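> Here's a sequence, model it:
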Amino acid sequence: MNLNENINRILTLINESDGYSFETSGDFNDILGLKLKLNNKEDNIGHIKGYRINRGLNLDPALIGIESPDMIKPNDLNNETAIFLVDLIIKDNFRNNGYGKKLLKKMLDNVKNNGYKYIVGVVDDNNSIAQNMYEKMNWKVGLYDKPNKAKIYFCEL
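Coordinates of the predicted model:
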């Protein structure tokens, strides 16, 4: 077992003692990406998915703006350095309890442990809860995509 696997195993044991656990499936290099689920003893609380950035260009039309010269972004944001987030979803009855932040932090750990430097997400214009969460976690707004009514956020790890 390598160091990253040991760290993830220890973190999982700590989180399970808090009444919830993470379940990971897939891989950033897979066409289906990496899926991270947050569960408690009775139910699935929510999930988030991550893909290599080039796959993200096919998944979200707003992300096409990432290639725009108008976007505020690092120069080396590419398939080898960045992961694109999709579907940060928390079930209604678990919202406003910090679970979205827990999932996002765990995904950040996975991205960093796999050698990526950046993570990118697209948030709909009307999703103020997600926008507030990203901004509180010091993510930067790279571009506002008017046609798709979405903000593109990114975070350097």
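> if you skip the residues just before and after it, what's nearest to Asp43?
Distance criterion C-beta to C-beta, 6 or more residues apart in numbering; nearest residue to Asp43, sequence neighbours excluded, is Lys91 at 7.5 Å. For the C-beta atoms, the positions are set from N, CA and C on the backbone; glycine is no exception.
> Over to Lys106?
Phe22 is the one closest to Lys106 (C-beta to C-beta, 6+ apart), at 5.5 Å.
> Now for that neighbour, how many residues are close by?
Phe22 has 20 neighbours, counted by other C-beta atoms under 10 Å.
> That one: which element?
strand 20-26 (DSSP states H and E).
> list the buried ones in that strand?
Ser21, Phe22 (16 or more other C-beta atoms under 10 Å).
> same question, stretch 84-103
Phe84, Leu85, Val86, Leu88, Ile90, Phe94, Tyr99, Gly100, Lys102, Leu103.
> Next: stretch 111-131.
Those would be Val111, Tyr116, Lys117, Tyr118, Ile119, Val120, Gly121, Val122, Val123, Ala130, Gln131, for stretch 111-131 by 16+ other C-beta under 10 Å.
> Check stretch 33-46 too.
Gly33, Leu34, Lys35, Leu36, Lys37, Leu38, Asn39, Ile45, Gly46.
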